[in-house]
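Enquirer: coordinates only, no sequence provided:
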């Protein structure tokens, strides 16, 4: 079953670009990464999903129900952590969490205690006195206290120190093992690589790829570097499947995905002095999506 | 229910400060009456000597301010202004503050519909208005009765405060509907207060020029004027119906407009 199904979702703000024809789905029980540079439309997509803003066209369903028509119903089982956490200033952490819990018809007291302990959060502090990182922790506990079936995270790690990030990721993985679906939006590649099963890449409001992380990593992407005896025209390598083409003096490097025999045949046509073939890391694959004009 | 409580908690401080203002206005105003009375000066003569425009600004007109109740009627026009400002700000703020303080993203992720949010906020606002009126009534009845007692006085003050409550409901609805439609939460309160001041200035203009007489239908301040209520005329049915219609229309508009709009984050 698909927990989230987004179909041709478009949101425009007057003339300004929001998102355009965004489509992807998130399966039950998976950790789905949503990655793209700042301002690409990640938050816009998530906010539309929560009907904080409404789609210009297209639709989204969560748990099989329309995200606009059944908004308050589906939110019973969603835990959301916004990228920037703002809370009612004069409240104590405890009061804020109890207020949050009061929206769900469940007893969340025990879970609040557990989560506060894991995240090392002082419940008696006033929210105005908290640092950015500690506010983020309040956000995490607030998003998880009602044991949601779907967790939506928008840039969740900002402000958390590495130890806390690790604890938070462990917590998410634990929830995921219990069957919780997670939609994880981020611009930090390494954390997505660490956490997610599949990933959607968004750029300038459009989805440019939805892929398994494992496929992305393996997908016969090869990082090839050659050194030639005599200078060779760079355009010689500009073939299908070649990206990130760079040349300095007699050294040429590029990423290649596709039939490996084709590129080997091409290489055999020139006089080489050296050759390196490596597995690229994810970052290099992503960078190419980030930079390339669509 | 949880949102209602949250609203009441966050508004209690401001209600306390407004109550201090009411206390100062009512006791301060009525003690001037006491001073005037003891010096044997006739306030009626004093105001009668003023040009009509000044009388209008002071809100004297046909009030007999030599009596405690009549003098209270003079103060009451200022109480009305205070009450209206409180109501319009309460209405605009209660809707706009979630966006202004950026807590709308928190609230909208909860399993609660937008119309339930509005219902809760209106319920809290009406409770606060009721308290505001109760405090006004108690302070007024106490102070006026101190100078001049009588069963009639208390019932007339009750009628005045009843009119004030209706006026507040109108301005509350003006505030909520503006905040519901305004995409810029910081602007909502300013616009709402602006509308209030405009109608207040118009209400003085109407007092000055009989040509503007018909404008009174669009000026809530003219609906329940002290001079008519104190003269024993009671509420004018036309204005009561008009108030109810305005409140119902604007509250409906609040629900519909807030439902449709993208929230600002």
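Expert: That came in fine, so what should we check first? Since the structure is predicted, the reported quantities are computational estimates derived from the model, not experimental observations.

Enquirer: please, which helix or strand holds residue 122?
Expert: Since no chain was named, I'll use chain A. Using DSSP states H and E, residue A:122 sits in no helix or strand.

Enquirer: hmm, I had chain B in mind actually
Expert: helix B:114-147.

Enquirer: what's that helix packed up against?
Expert: Using 3 or more Cβ pairs under 8 Å, 6 or more residues apart in numbering or on different chains; DSSP states H and E, the elements in contact with helix B:114-147 are helix B:2-38, helix B:68-100, helix B:151-181, helix B:237-260. For glycine as for every other residue, the C-beta is placed from the backbone atoms N, C-alpha and C.

Enquirer: what's the closest of those to residue B:197?
Expert: Across these, residue B:197 has its closest neighbour in helix B:68-100 (8.7 Å, Cβ to Cβ).

Enquirer: sorry, back to before: relative to chain A, which of the helices and strands packed on helix B:114-147 is closest?
Expert: With Cβ to the nearest Cβ as the criterion, chain A lies closest to helix B:2-38 of the helices and strands packed on helix B:114-147, at 4.0 Å.

Enquirer: next SSE downstream of the closest one?
Expert: helix B:43-48.

Enquirer: what sits up against the next helix or strand after that following helix?
Expert: Remark: after helix B:43-48, the chain's next helix or strand is helix B:52-58, criterion DSSP H and E. For helix B:52-58, the surrounding residues in contact (Cβ atoms under 8 Å, 6 or more residues apart in numbering or on different chains) are B:47, B:50, B:61, B:74, B:204, B:207, B:208.

Enquirer: let's see that with 6 Å instead.
Expert: Residues from elsewhere that reach helix B:52-58 (Cβ atoms under 6 Å, 6 or more residues apart in numbering or on different chains): B:204, B:207, B:208.

Enquirer: what's the closest of these to residue A:136?
Expert: Distances from residue A:136 to these, taken by Cβ to Cβ, are shortest for residue B:204, at 53.1 Å.

Enquirer: what's the helix or strand for that closest one?
Expert: Counting by DSSP H and E, residue B:204 is part of helix B:185-208.

Enquirer: check which helices and strands that helix sits against.
Expert: With contacts defined as 3 or more Cβ pairs under 6 Å, 6 or more residues apart in numbering or on different chains; DSSP states H and E, the packing partners of helix B:185-208 are helix B:52-58, helix B:68-100, helix B:151-181.

Enquirer: what angle do helix B:68-100 and it make with each other?
Expert: Inter-element angle recorded for helix B:185-208 and helix B:68-100: 160 degrees (by axes from the mean of the first three to the mean of the last three Cα atoms, to 10 degrees).

Enquirer: what element comes up after helix B:185-208 heading to the C-terminus?
Expert: Stepping forward along the backbone from helix B:185-208, the first helix or strand reached (DSSP H and E) is helix B:226-230.

Enquirer: okay, helices next: where are they in chain A?
Expert: A:42-49, A:71-74, A:93-101, A:109-119, A:132-144, A:162-177, A:189-195, A:213-218, A:260-268, A:282-291 (DSSP state H).

Enquirer: which one of the ones you listed lies nearest to chain B?
Expert: helix A:71-74 (4.3 Å).

Enquirer: what's the spacing between that closest one and its chain's center?
Expert: Helix A:71-74 has its C-alpha centroid displaced from the chain centroid by 23 Å (Cα atoms, centre = their mean, to the nearest Å).

Enquirer: can you get me a residue count around residue A:279?
Expert: 11 (other Cβ atoms under 10 Å in any protein chain shown).

Enquirer: distance of it relative to residue A:201?
Expert: Separation of residue A:279 from residue A:201 (Cβ to Cβ, to the nearest Å): 19 Å.

Enquirer: check residue A:26 too.
Expert: Residue A:26 is 15 Å from residue A:201, by Cβ to Cβ.

Enquirer: tell me the pLDDT at the closest residue to chain A within the stretch 151-265 of chain B?
Expert: With Cβ to the nearest Cβ as the measure, residue B:262 is the residue of the stretch 151-265 of chain B nearest to chain A, at 4.0 Å. At residue B:262, the model reports a pLDDT of 92.

Enquirer: what is the burial count for it?
Expert: Around residue B:262 there are 14 residues (other Cβ under 10 Å).

Enquirer: which ones are touching residue B:172?
Expert: Residue B:172 neighbours (Cβ under 6 Å, 6+ apart): B:87, B:91, B:125.

Enquirer: okay, now the spatially closest residue to the second one that is not a sequence neighbour: neighbour count?
Expert: The spatially closest residue to residue B:91, leaving aside those adjacent along the chain, is residue B:175, at 2.4 Å (Cβ to Cβ, 6 or more residues apart in numbering or on different chains). Applying other Cβ under 10 Å, we find 31 residues neighbouring residue B:175.

Enquirer: before I go, just wanted to say thanks for your time.
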